[in-house]
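>>> just to be clear, the model below is a prediction. Sequence and coordinates:
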Amino acid sequence: MPKKPKKEFQAPKGMRDLLPQDLPYWDKLIAAGQELAQDYGFFKIETPVIEDAELFIRGTGATTDIVEKQMYFVKTAGGASLALRPEGTPGVVRAYMENGMASLPQPVKLFYYGPMFRHEQPQAGRYRQLYQLGLEIFGDPGSVLDAQIIQFCFHLLKSVGLKKIDIHINSLGCPQCRPTYRKALLDYYRHWKDKLCPDCRRRLKENPLRLLDCKEEKCQPIKTQAPASVDYLCDECRRHFKEVLEFLDELELPYFLDSFLVRGLDYYTKTIFEVFWEDKAAAPGALGGGGRYDNLVKELGGKPTPAVGVALGLDRIVELMKKEQVRVSEGPNFKVFLVQLGLMGKKKSLKLFERLYQAGILAAESMSRDSIKAQMKIADKLGVKFALILGQQEALDSTVIIRDMQSGVQETVLQEKVVEELKKRFKK
């Protein structure tokens, strides 16, 4: 019987490896995000990447695209229904309730980053395993926090070299005023029912706000004449939204009032926003988005708790960083290169490597190579100041040859004095 050909394994569709040449961008972005979040008074939290599926169905909305089309469901051996997290907020809300954070001084400010999973058609900047950095604030209804979250987005993106950012912003109102808007939207769209795409005809019955989220070309002319939510806000929601915009004006942050912005999740109330690259033709889509979700904690079984948050798409931000040729670290700043010859040279080099590290002197090496010529070539390419040569004789004599890579001058010193000698030379 003929043998089966060996299978060539590949990353699953829509998922990919983050390679060494890409990771300096990721490291720069994550480090900047983490440092800035802490400077803004946020504390880091990590939640499981897999949760009870019902948490996302109730938290995100049963009729949202995320739940209906994109969630990865997992059945356990015991019959439990779990899901890979498609977004971070419901898990953080669950953690806030489960761990008694409502009893802490409010507001509670949390941040996280990590992978999310959505089973959708892969395209530019959109992956089935995507990465997000998110901020959540619980326990304060103040409009100033909406503005602070938006300010954070501008601050972070500017700090990683992306300055051409603007915000699309809208208000969806609250449970008191949204029904009036919902009715106006239904009344308008019913006149166009026969001209809508199949998804919009379904949304008309199940979730009318999603009508404004449609990207189908045939629905765009209809959408442009649809009622705007800001025209139906109650006095409280109008005041809140006006204050948010005044804060943004004070901060001199660019924004665009977008009456068609609804976001793809059901839990939002009042302020919603999305972050865009100024040149949308050259961008992979929204770089992030968020808003207020004052009813979500209660809907998931907790006490009424105002909250606001944002999630930034790290994949898309990294793409723009590359496109804008943002400068990133080229790797460790090696000061010396360890050149070793023979077994005894390798042994002594490993020990010397550790001593140099403890002294704060970063040493590069190529222990797998035996040729001194090949090793010196690498040292020259790295641009180190000194090569430390340890061969059989040096190992026996407990010495090291220090070679100045620029002048070629060599000097033999005792191994126990090499750190002290290098520090002197670096000072010069």
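It's in.
>>> now residue 153, what's its secondary structure?
Put simply, residue 153 is helix when judged by DSSP: H, G, I helix; E, B strand; the rest coil.
>>> and if you look at residue 308?
strand.
>>> run a quick neighbour tally on the residue lying closest to it once chain neighbours are set aside.
With sequence-adjacent residues excluded and distances taken as CB to CB, 6 or more residues apart in numbering, residue 308 is closest to residue 292, at 4.6 Å. Where C-beta positions appear, they are placed from N, C-alpha and C, glycine not excepted. Counted with other CB atoms under 10 Å, the neighbours of residue 292 add up to 28.
>>> check residue 195 too.
Neighbours around residue 195, by other CB under 10 Å: 13.
>>> how near is it to residue 183?
From residue 195 across to residue 183, the span is 21 Å (CB to CB, to the nearest Å).
>>> low pLDDT regions in this protein?
1-4, 264, 280-284 (pLDDT under 70).
>>> let me see the domain layout of it.
23-177+233-323, 336-427 (automatic domain parsing).
>>> coming back round to it: now the residue nearest to residue 308: phi and psi?
Backbone geometry at residue 292, expressed as degrees, to the nearest 10, gives phi -90, psi 140.
>>> check contacts around it.
Contacts for residue 292 were tallied using CB atoms under 8 Å, 6 or more residues apart in numbering; they are 146, 268, 269, 270, 271, 272, 306, 307, 308.
>>> so residue 168 makes contact with residue 258?
Yes. Here residue 168 reaches residue 258: they are 4.0 Å apart, a contact under CB atoms under 8 Å.
>>> anything in contact with each of those two?
In contact with both residue 168 and residue 258: residue 274, using CB under 8 Å, 6+ apart.
>>> number of residues surrounding residue 278?
Applying other CB under 10 Å, we find 12 residues neighbouring residue 278.
>>> if I look at the nearest residue to it once chain neighbours are set aside, how far off is residue 325?
Spatial nearest neighbour of residue 278, chain neighbours left out: residue 164 (3.7 Å); criterion: CB to CB, 6+ apart. Distance of residue 164 to residue 325, given as CB to CB: 14 Å.
>>> out of the two, which sits in the more crowded spot?
The residue with more neighbours, out of residue 164 and residue 325, is residue 164; 15 against 8, by other CB under 10 Å.
>>> ok so, going back, specify the beta-bridge partners of the residue nearest to residue 308.
Following DSSP bridges, residue 292 is listed with bridge partners residue 269, residue 308.
>>> so which residues of the stretch 101-250 of the chain form strands?
108-117, 129-138, 165-171 (DSSP state E, counting those that start in this stretch).
>>> mind listing what the shortest one pairs with, with the direction of each?
Put plainly, it is strand 165-171. Strand 165-171 is paired, per DSSP bridges, with strand 255-257 (parallel), strand 269-277 (antiparallel).
>>> can you name the residues in contact with stretch 248-259?
With CB under 8 Å, 6+ apart, stretch 248-259 has contacts from 147, 150-151, 154, 165-170, 228-230, 245, 273-274.
>>> what's near enough to touch residue 327?
Per CB under 8 Å, 6+ apart, neighbours of residue 327: residue 161.
>>> helix or strand: which one has it?
Using DSSP states H and E, residue 327 falls within no helix or strand.
>>> next, residue 74: secondary structure please.
strand.
>>> quick check: chain neighbours aside, which residue is closest to it?
In space, residue 74 is closest to residue 82, 4.5 Å off (CB to CB, 6+ apart).
>>> likewise residue 421?
residue 413 (5.1 Å).
>>> what does residue 231 give?
Residue 231 sits nearest to residue 181 (CB to CB, 6+ apart), 7.9 Å away.
>>> OK, contacts around the one you found?
173, 227, 229, 231, 232.
>>> just the buried residues out of these, in ChimeraX syntax.
If you want just the buried ones from the contacts of residue 181 in ChimeraX, going by 16 or more other CB atoms under 10 Å, the selection is:
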select :173,227,229,232
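>>> can I get the contacts of residue 181 in a markdown table with distance to residue 200?
Below are those laid out as a markdown table (distance: CB to CB, whole Å):
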| residue | distance to residue 200 |
| --- | --- |
| 173 | 21 |
| 227 | 16 |
| 229 | 18 |
| 231 | 21 |
| 232 | 21 |
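>>> the contacts of residue 181: which two are farthest apart?
Using CB to CB, the pair of the contacts of residue 181 lying farthest apart is 173 and 227, separated by 12.0 Å.
>>> number of nearby residues for the residue found closest to residue 17 once you drop the neighbours it is linked to in the chain?
Nearest in space to residue 17, with sequence neighbours left out and distances taken as CB to CB, 6+ apart, is residue 11 at 6.2 Å. Number of residues near residue 11 (other CB under 10 Å) recorded here: 10.
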